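Visitor: Sequence first, then the predicted structure, then my questions.
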Amino acid sequence: MGKMIFTKDNLKLGLALGLGGPLVGLIFLYYYLYPSFTLLEFLDSFIHENRLLTSIGSLSLLVNAILFTFYVNTQRDQTAKGIFIVTVLYGIGILLLKLFN
């Protein structure tokens, strides 16, 4: 079952992976870098501190860069396109949060 996800090539899968990748990255960074914070404290700091928004936001998007590279290198372009679209939307969201903080 798990192996099948890496062999499919469709836009919906790419969009789903693109949405989930940074969330997995964010949770990983929370547990690795900020274990003394509660999850809500971490998320509040992440959203309201521009320094954290830039660094943690960029690091969490690295998951999508890895996924995107994998799907491009295995010629699964539709999935890669979905990952790219969501990554751009996340990036725009981070920029807007920085501007309005």
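Guide: Here it is on my side, so go on.
Visitor: pLDDT value on residue 67, please?
Guide: The pLDDT attached to residue 67 in the predicted structure is 95.
Visitor: For it, which residues are in contact?
Guide: Taking C-beta atoms under 8 Å, 6 or more residues apart in numbering as the criterion, residue 67 is in contact with 17, 18, 21, 83. All C-beta spots, glycine's among them, are computed from the backbone N, C-alpha and C.
Visitor: let's see it at 6 Å
Guide: Residue 67 makes contacts with 17, 21, 83, as judged by C-beta atoms under 6 Å, 6 or more residues apart in numbering.
Visitor: Could you do residue 92 as well?
Guide: For residue 92, the contact set (C-beta under 6 Å, 6+ apart) is empty.
Visitor: Tell me the first helix or strand C-terminal of the lowest-mean-pLDDT helix or strand in the chain.
Guide: Averaged element by element with mean pLDDT, DSSP states H and E, the chain has its least confident helix or strand at helix 2-5 (a mean of 67). Counting by DSSP states H and E, the next helix or strand C-terminal to helix 2-5 is helix 11-33.
Visitor: Okay, buried residues for that next one please.
Guide: Buried positions in helix 11-33, judged by neighbour count with 16 or more other C-beta atoms under 10 Å: 13-19, 21-22, 25-26, 29-30.
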